[in-house]
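J.: got a sequence here, can you model it:
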Amino acid sequence: ALRDSMAKETSAFIDHLFWEGDGSVRSLLTSDHAFADQSLATLYGIPGVTSATPVRVQHLPGQRAGILTQASFLTLNAHTDQTSPVHRGKFVRERLLCQQLSSPPPGVDIIIPPVQLGMTTRERFAIHSTDPFCAGCHKLMDPIGFGFENYDGIGRYRTTEGDEAIDARGEIVDTASNTPFNGVVELAAGLADSERVHECIARHFLS
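T.: Residues are numbered from 1 along each chain as shown. Model (predicted):
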(Lines give C-alpha, C1' and ligand atoms only; values in the text may rest on other atoms or scores of the structure.)
Protein backbone atom coordinates (compact mmCIF):
# COMPACT_ATOMS: atom_id res chain seq x y z
CA ALA A 1 0.00 0.00 0.00
CA LEU A 2 2.98 2.31 0.56
CA ARG A 3 4.79 1.51 -2.67
CA ASP A 4 3.51 4.49 -4.67
CA SER A 5 4.08 6.87 -1.75
CA MET A 6 7.69 5.70 -1.49
CA ALA A 7 8.33 6.13 -5.22
CA LYS A 8 6.72 9.57 -5.28
CA GLU A 9 8.89 10.76 -2.41
CA THR A 10 12.14 9.88 -4.18
CA SER A 11 10.95 11.48 -7.42
CA ALA A 12 9.87 14.68 -5.62
CA PHE A 13 13.11 14.76 -3.62
CA ILE A 14 15.33 14.49 -6.72
CA ASP A 15 13.26 17.06 -8.64
CA HIS A 16 13.54 19.52 -5.76
CA LEU A 17 17.26 18.83 -5.32
CA PHE A 18 18.11 19.60 -8.94
CA TRP A 19 15.65 22.32 -9.88
CA GLU A 20 15.14 24.20 -6.62
CA GLY A 21 18.01 23.09 -4.40
CA ASP A 22 21.76 23.22 -4.90
CA GLY A 23 22.05 19.89 -6.76
CA SER A 24 24.97 18.83 -4.58
CA VAL A 25 26.12 15.40 -3.47
CA ARG A 26 26.02 16.67 0.11
CA SER A 27 22.34 17.55 -0.16
CA LEU A 28 21.60 14.21 -1.84
CA LEU A 29 23.08 12.38 1.13
CA THR A 30 22.38 14.62 4.12
CA SER A 31 19.17 16.62 3.50
CA ASP A 32 17.06 16.93 6.63
CA HIS A 33 13.68 16.88 4.91
CA ALA A 34 11.31 14.38 3.31
CA PHE A 35 8.56 14.61 0.71
CA ALA A 36 5.78 12.60 2.27
CA ASP A 37 2.07 12.13 1.85
CA GLN A 38 -0.11 11.11 4.79
CA SER A 39 0.66 7.40 4.46
CA LEU A 40 4.43 7.82 4.27
CA ALA A 41 4.46 10.42 7.03
CA THR A 42 2.72 7.88 9.26
CA LEU A 43 5.47 5.35 8.50
CA TYR A 44 8.10 8.00 9.30
CA GLY A 45 6.33 9.02 12.52
CA ILE A 46 5.91 12.61 11.33
CA PRO A 47 2.67 14.10 12.72
CA GLY A 48 0.30 16.58 11.12
CA VAL A 49 0.52 15.50 7.45
CA THR A 50 -2.91 15.07 5.85
CA SER A 51 -2.02 15.53 2.18
CA ALA A 52 -2.68 12.79 -0.37
CA THR A 53 0.31 14.05 -2.40
CA PRO A 54 3.93 14.53 -1.25
CA VAL A 55 4.65 17.69 0.72
CA ARG A 56 7.97 18.82 2.12
CA VAL A 57 8.36 18.01 5.82
CA GLN A 58 11.25 17.96 8.27
CA HIS A 59 12.68 14.66 9.43
CA LEU A 60 12.50 13.85 13.11
CA PRO A 61 15.86 14.88 14.64
CA GLY A 62 18.59 12.30 14.32
CA GLN A 63 16.48 9.70 12.51
CA ARG A 64 17.03 10.30 8.80
CA ALA A 65 19.26 12.10 6.32
CA GLY A 66 19.12 12.16 2.54
CA ILE A 67 18.34 9.43 0.08
CA LEU A 68 19.90 6.54 2.04
CA THR A 69 17.16 6.74 4.67
CA GLN A 70 14.23 7.02 2.27
CA ALA A 71 11.77 4.14 2.49
CA SER A 72 12.11 3.44 -1.24
CA PHE A 73 15.84 2.74 -0.96
CA LEU A 74 15.51 0.79 2.28
CA THR A 75 12.66 -1.38 0.96
CA LEU A 76 14.33 -2.17 -2.36
CA ASN A 77 17.45 -3.23 -0.47
CA ALA A 78 15.74 -5.62 1.94
CA HIS A 79 14.08 -9.03 1.91
CA THR A 80 10.35 -9.66 2.18
CA ASP A 81 10.59 -10.72 5.82
CA GLN A 82 13.70 -8.95 7.11
CA THR A 83 16.35 -6.34 6.42
CA SER A 84 19.43 -7.04 4.30
CA PRO A 85 22.79 -5.73 5.51
CA VAL A 86 24.27 -7.33 2.39
CA HIS A 87 22.15 -5.47 -0.15
CA ARG A 88 22.33 -2.16 1.68
CA GLY A 89 26.10 -2.44 2.17
CA LYS A 90 26.61 -3.57 -1.43
CA PHE A 91 24.80 -0.49 -2.72
CA VAL A 92 27.10 1.84 -0.79
CA ARG A 93 30.19 -0.08 -1.87
CA GLU A 94 29.33 -0.25 -5.59
CA ARG A 95 27.15 2.79 -6.24
CA LEU A 96 28.72 5.35 -3.93
CA LEU A 97 32.33 4.14 -3.74
CA CYS A 98 32.51 2.60 -7.26
CA GLN A 99 34.14 -0.58 -5.97
CA GLN A 100 32.76 -3.52 -7.94
CA LEU A 101 32.45 -6.71 -5.92
CA SER A 102 33.05 -10.21 -7.22
CA SER A 103 30.25 -12.73 -7.68
CA PRO A 104 30.01 -15.54 -5.09
CA PRO A 105 32.45 -18.42 -5.74
CA PRO A 106 31.03 -21.32 -7.79
CA GLY A 107 29.27 -23.90 -5.69
CA VAL A 108 28.64 -21.63 -2.71
CA ASP A 109 25.10 -22.09 -1.40
CA ILE A 110 23.69 -18.60 -0.86
CA ILE A 111 21.36 -18.91 2.11
CA ILE A 112 19.81 -15.94 3.90
CA PRO A 113 20.16 -16.56 7.64
CA PRO A 114 16.57 -17.23 8.80
CA VAL A 115 14.87 -14.99 11.30
CA GLN A 116 15.24 -16.44 14.80
CA LEU A 117 13.66 -15.23 18.02
CA GLY A 118 16.25 -13.95 20.44
CA MET A 119 18.85 -13.23 17.74
CA THR A 120 19.49 -9.90 16.06
CA THR A 121 20.30 -9.54 12.38
CA ARG A 122 23.89 -8.71 13.28
CA GLU A 123 24.17 -11.96 15.24
CA ARG A 124 22.58 -14.08 12.52
CA PHE A 125 24.79 -12.66 9.78
CA ALA A 126 27.98 -13.23 11.80
CA ILE A 127 28.40 -16.49 9.85
CA HIS A 128 29.58 -14.42 6.90
CA SER A 129 32.67 -13.30 8.77
CA THR A 130 33.59 -16.80 9.96
CA ASP A 131 33.05 -18.74 6.71
CA PRO A 132 36.23 -18.44 4.58
CA PHE A 133 34.21 -18.72 1.37
CA CYS A 134 32.08 -15.71 2.36
CA ALA A 135 34.34 -13.48 4.41
CA GLY A 136 36.38 -11.98 1.56
CA CYS A 137 33.46 -10.09 0.03
CA HIS A 138 31.11 -9.86 2.99
CA LYS A 139 33.66 -7.96 5.06
CA LEU A 140 33.26 -5.20 2.46
CA MET A 141 29.44 -5.17 2.64
CA ASP A 142 28.11 -6.36 5.96
CA PRO A 143 29.93 -3.88 8.25
CA ILE A 144 28.38 -1.08 6.19
CA GLY A 145 24.96 -2.71 6.07
CA PHE A 146 24.80 -3.19 9.84
CA GLY A 147 24.73 0.59 10.14
CA PHE A 148 21.26 0.51 8.53
CA GLU A 149 19.71 -1.70 11.21
CA ASN A 150 17.74 1.18 12.72
CA TYR A 151 15.42 0.75 9.69
CA ASP A 152 13.30 -2.34 9.26
CA GLY A 153 12.43 -4.05 5.97
CA ILE A 154 10.15 -1.22 4.79
CA GLY A 155 12.17 1.65 6.24
CA ARG A 156 10.35 2.19 9.54
CA TYR A 157 12.71 3.61 12.16
CA ARG A 158 13.31 1.36 15.16
CA THR A 159 15.54 1.24 18.19
CA THR A 160 15.01 -2.43 19.04
CA GLU A 161 14.83 -5.71 17.16
CA GLY A 162 12.61 -8.02 19.15
CA ASP A 163 13.72 -7.43 22.72
CA GLU A 164 17.28 -6.45 21.79
CA ALA A 165 18.59 -2.90 21.38
CA ILE A 166 19.78 -2.10 17.86
CA ASP A 167 23.54 -1.89 17.42
CA ALA A 168 23.96 0.42 14.40
CA ARG A 169 27.72 0.68 14.54
CA GLY A 170 29.41 0.09 11.19
CA GLU A 171 32.66 0.49 9.36
CA ILE A 172 33.89 1.08 5.83
CA VAL A 173 37.00 -1.06 5.44
CA ASP A 174 39.60 -1.36 2.69
CA THR A 175 39.44 2.26 1.60
CA ALA A 176 42.10 4.90 2.10
CA SER A 177 41.41 4.55 5.81
CA ASN A 178 38.99 2.32 7.69
CA THR A 179 36.11 4.58 8.72
CA PRO A 180 33.84 3.69 11.66
CA PHE A 181 30.40 5.24 12.03
CA ASN A 182 27.28 4.85 14.14
CA GLY A 183 24.05 4.86 12.15
CA VAL A 184 23.20 6.05 8.66
CA VAL A 185 23.01 9.75 9.52
CA GLU A 186 26.68 9.59 10.53
CA LEU A 187 27.54 7.37 7.56
CA ALA A 188 25.89 9.80 5.12
CA ALA A 189 27.81 12.76 6.55
CA GLY A 190 31.08 10.88 6.12
CA LEU A 191 30.24 9.86 2.56
CA ALA A 192 29.33 13.46 1.72
CA ASP A 193 32.86 14.49 2.73
CA SER A 194 34.52 11.82 0.59
CA GLU A 195 36.20 12.84 -2.65
CA ARG A 196 35.85 9.24 -3.84
CA VAL A 197 32.08 9.43 -3.42
CA HIS A 198 31.84 12.71 -5.35
CA GLU A 199 33.87 11.20 -8.21
CA CYS A 200 31.82 8.00 -8.16
CA ILE A 201 28.44 9.75 -8.30
CA ALA A 202 29.71 12.02 -11.09
CA ARG A 203 30.76 8.93 -13.06
CA HIS A 204 27.35 7.29 -12.65
CA PHE A 205 25.58 10.54 -13.51
CA LEU A 206 27.63 10.99 -16.66
CA SER A 207 27.09 7.42 -17.84
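J.: scan the protein for its longest helix.
T.: With secondary structure taken from DSSP state H, the chain has its longest helix at helix 3-19.
J.: which parts of it are buried?
T.: 5, 6, 8, 9, 10, 12, 13, 16, 17 (16 or more other Cβ atoms under 10 Å). Any C-beta I mention is one placed from the backbone N, CA and C, and that applies to glycine too.
J.: from these, pick the one nearest residue 42.
T.: Nearest to residue 42 out of the buried residues of helix 3-19 is residue 5 (Cβ to Cβ; 9.6 Å).
J.: got the contact list for that closest one?
T.: 36, 37, 39, 40, 54, 71 (Cβ atoms under 8 Å, 6 or more residues apart in numbering).
J.: columns pLDDT, neighbour count and distance to residue 154 on top of those residues, output as CSV?
T.: Below are these laid out as CSV (pLDDT from 0 to 100; neighbours: other Cβ atoms under 10 Å; distance: Cβ to Cβ, whole Å):
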residue, pLDDT, neighbour count, distance to residue 154
36, 98, 28, 14
37, 97, 21, 15
39, 97, 15, 12
40, 98, 24, 10
54, 97, 21, 17
71, 98, 24, 6
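J.: just the ones in helices from those residues, please.
T.: Of the positions in the contacts of residue 5, 39, 40, 71 sit in helices, assigned by DSSP H.
J.: what's the closest non-adjacent residue to the last one?
T.: Looking back up the chat, that one is residue 71. With Cβ to Cβ, 6 or more residues apart in numbering as the criterion, residue 71 has its nearest non-adjacent residue at 3.3 Å, and that residue is residue 155.
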